[in-house]
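> sequence first, predicted coordinates after that:
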Amino acid sequence: MNHLSNKHINWGDYARTLAVMAVVLLHVSSFYVKNIYVTQANVWWSSSNLHTFNWWVANLFDSSVRWCIPAFVMLSGALLLNPNKRETLRQFYRKRMHRILIPLIFWVIVYSFINVFYYHQSVSKAWHLVVIGKPFYQMWYLYMLLGLYLITPFLRNLIQRFSSRTVTIMACCALLLAILWNLFVYIPIERPGYFIFWCLKYVGYFLLGYQLSLLTIKKLHVSIPILCLILSILVTAVGTFMALPTHGPNVRFYLYGYLSPSVVIMSLSAFVLFLKMGSNKNWNYCMRNLSMYTLGIYLIHPALIIVVESFYAFFWAQSALLIPLMAIIVYTLSYFVIAVCKKIPWLRLAVG
């Protein structure tokens with residue numbers, strides 16, 4: 001199997017940059033979808049609220065970027081699963097753990113302080129969130145990524161031993177099992193699990209990211225993945241609208257999940273579109289520069305959302321049409337803060 005080419009590196013920059021922008025937009029729009037409309041009965045999802053213009057705008061924004069985390073996972077698979085990479089187990093684990101563990105520890109401490117001193121949680125509650133892998137709402141991804149890194153060398157061996165067709169079939173089966181597993185978790189109640197096993201649900205995405213990166217898709221017209229992307233977004237948005245007033249708390253947001261059927265189709269479609277990017281040299285340079293700050297932006301943006309909310313909460317709550325503007329503000333602030341942090345030696349390792 002061939003090494004990833006410069007073309008692949010270019011599209012990887014696009015995928016990484018656009019995915020973290022989508023994460024920021026997702027978390028900004030969630031403010032409207034889940035928090036804006038709280039009635040006296042604390043039933044924010046009442047039918048009158050769901051029919052408002054603001055809720056529908058927020059729902060569409062939220063639904064349209066649900067591919068972001070699966071795209072990160074598939075990109076990691078494309079970059080890490082090449083069996084021709086020459087590195088020992090020790091070299092691989094040392095490099096990856098060095099990159100992920102220091103930021104994880106640093107930001108777990110930061111968000112634990114935010115939980116205790118800003119949200120007034122008890123220390124025991126904050127510690128419990130750390131132990132279960134959810135010290136803050138975006139941090140679960142790094143916990144899950146640790147698990148993927150642990151099994152990556154073994155997946156490389158699997159890819160080397162089996163044909164590309166067999167690996168693709170195994171990846172599809174793994175993704176299908178994850179979809180069924182996820183459905184079981186949501187219906188009828190959510191069951192807690194150990195974060196070390198979270199990675200197993202994303203092995204299908206991980207393997208498919210590598211397999212798709214090997215394909216020559218120049219002949220595939222963009223209209224096909226674009227159509228699939230649009231349809232899956234609409235299914236997610238409309239399905240969520242239909243589920244909210246009639247189902248239990250865990251089922252209401254099932255279609256928002258990264259392993260719901262509509263989001264799986266959405267994510268694969270978005271990833272195929274990324275594979276076709278990277279031909280414009282000027283944009284390539286811009287995306288390469290922005291992609292260097294991806295991990296730091298991912299880690300810090302929730303803290304800056306808190307800051308932006310505190311200053312603009314009144315204006316922000318007036319119209320969901322301000323969601324893109326607020327997302328741009330949060331992303332831009334995150335970029336510049338991380339750029340400064342990268343120039344400070346003792347902070348550089350904490351922001352990736």
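Here it is on my side, so go on.

> just the strands in the protein please.
Applying DSSP state E to the chain gives no strands.

> show me the shaky parts of it.
1-8, 35-51, 185-194, 216-220, 246-250, 313-318 (pLDDT under 70).

> need the longest helix for it.
Determined from DSSP state H, the single longest helix within the chain is helix 89-117.

> can you give me the buried ones in that one?
If you call a residue buried by 16 or more other Cβ atoms under 10 Å, then helix 89-117 has these buried ones: Phe92, Arg96, Ile100, Pro103, Leu104, Trp107, Val108, Val110, Tyr111, Ser112, Ile114, Asn115. In this view, the C-beta of every residue, glycine as well, is placed from N, C-alpha and C.

> which residue lies nearest the spatial centre of this protein?
The structure's the chain has its C-alpha centroid closest to Ile69; by Cα atoms, centre = their mean the separation is 2.1 Å.

> apart from its neighbours in sequence, what residue is nearest that one?
Leaving aside its sequence neighbours, Ile69 sits nearest to Tyr258 (Cβ to Cβ, 6 or more residues apart in numbering; 5.2 Å).

> so what's the residue count around that neighbour?
If you count neighbours by other Cβ atoms under 10 Å, Tyr258 ends up with 20.

> from what I can see it touches Pro70, true?
Yes - assessed by Cβ atoms under 8 Å, Tyr258 is found in contact with Pro70 at 5.4 Å.

> distance of Leu148 from Leu129?
Using Cβ to Cβ, to the nearest Å, we find Leu148 at a distance of 21 Å from Leu129.

> neighbour-wise, which of those two wins?
Neighbours were counted for Leu148 and for Leu129 using other Cβ under 10 Å; Leu148 has more, 21 against 18.

> hmm, that one is touching Ser76, no?
Yes - taking Cβ under 8 Å as the definition, Leu148 is a contact partner of Ser76 at 6.7 Å.

> between these two, what contacts are shared?
Counting by Cβ atoms under 8 Å, 6 or more residues apart in numbering, the common neighbours of Leu148 and Ser76 are Phe206.

> before we move on, back to that, from Phe336, how far out is the residue nearest to the centre of the chain?
In terms of Cβ to Cβ, Ile69 sits 24 Å off from Phe336.

> ok, Leu325 next?
Where Phe336 is concerned, Leu325 sits at a distance of 17 Å (Cβ to Cβ).

> neighbour count for these two, which is higher?
Applying other Cβ under 10 Å to Leu325 and Phe336 shows that Leu325 carries more neighbours, namely 14 against 11.

> can you give me the helices for the stretch 201-350 of the chain?
In the stretch 201-350 of the chain, the helices defined using DSSP state H, counting those that start in this stretch lie at 203-213, 223-243, 261-275, 281-291, 294-316, 323-341, 345-348.

> which one of these lies closest to Leu60?
Among those, the nearest to Leu60 by Cβ to Cβ is helix 223-243 (5.3 Å).

> just the angle for the closest one relative to helix 261-275, thanks.
Per axes from the mean of the first three to the mean of the last three Cα atoms, to 10 degrees, the angle that helix 223-243 makes with helix 261-275 is 150 degrees.

> and helix 223-243, what other elements does it pack with?
Packing contacts for helix 223-243, counted by 3 or more Cβ pairs under 8 Å, 6 or more residues apart in numbering; DSSP states H and E, involve helix 53-64, helix 261-275.
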